[in-house]
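1. sequence and predicted structure, then a few things I'm wondering about:
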Amino acid sequence: MTVLSRILVGLLVVAACSPHEARSAFRRSLSIDDRGISVPLPPPSLLDAPKQDVDISGSSDGPDALVAGTVVHVEDAEGAGHAELKLAADQRSFVIEGIAVDLRANCLELWLVTPDGRESEHTFVSAAIAGPQEVATSVGCNDA
């Protein structure tokens with residue numbers, strides 16, 4: 001066996017024995033319906049005060065079980081709003097309250113993380129002013 005062959009065999013053995021953390025995906029998804037983002041006490045006109053603390057209500061579906069301690073994460077890619085909510089075992093619906101959002105420019109990214117670190121697919125939703133005291137929710141974001 002040549003020196004080069006020995007080096008290659010050695011590298012293969014080291015690579016094969018290297019520890020790695022392969023994790024299976026967490027097969028659940030989050031959904032927010034068209035009224036899932038709301039302003040609990042809207043001002044007389046959202047057009048005059050588009051920066052609001054909103055509530056997000058949604059649900060989780062999928063084949064993997066929801067275990068106690070699974071966390072719903074929300075991040076606003078357009079602003080500083082973020083929140084986390086720890087779920088109970090098999091809790092399929094949730095409400096996250098008081099997330100600061102600019103209703104003129106937002107992109108909310110939501111996902112689940114299990115206690116062992118597995119993540120669900122990420123869901124993107126946005127909220128827009130639909131009337132003086134009305135918010136409309138839509139799936140997706142302009143840049144997502």
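-> Right, received. Where do you want to start?
2. where do the helices sit along the protein?
-> Secondary structure of the chain (DSSP state H): helices located at 3-17.
3. low-confidence ranges in it?
-> Across the chain, the ranges flagged by pLDDT under 70 are 1-23, 143-144.
4. distance of the spatially most central residue of the chain relative to E121?
-> Nearest to the mean C-alpha position of the chain, by C-alpha atoms, centre = their mean, lies L110 at 1.8 Å. According to C-beta to C-beta, to the nearest Å, L110 and E121 sit 10 Å apart. In this view, the C-beta of every residue, glycine as well, is placed from N, C-alpha and C.
5. could you do D55 as well?
-> From D55 to E121 the distance is 23 Å (C-beta to C-beta).
6. now V67
-> 18 Å.
7. how about A127?
-> Taken as C-beta to C-beta, the span from A127 to E121 is 21 Å.
8. ok, these two, which is more surrounded?
-> Per other C-beta atoms under 10 Å, whichever of A127 and E121 has more neighbours is A127, with 26 against 14.
9. just checking, that one touches I37?
-> Yes - counting by C-beta atoms under 8 Å, A127 does reach I37; the two are 4.1 Å apart.
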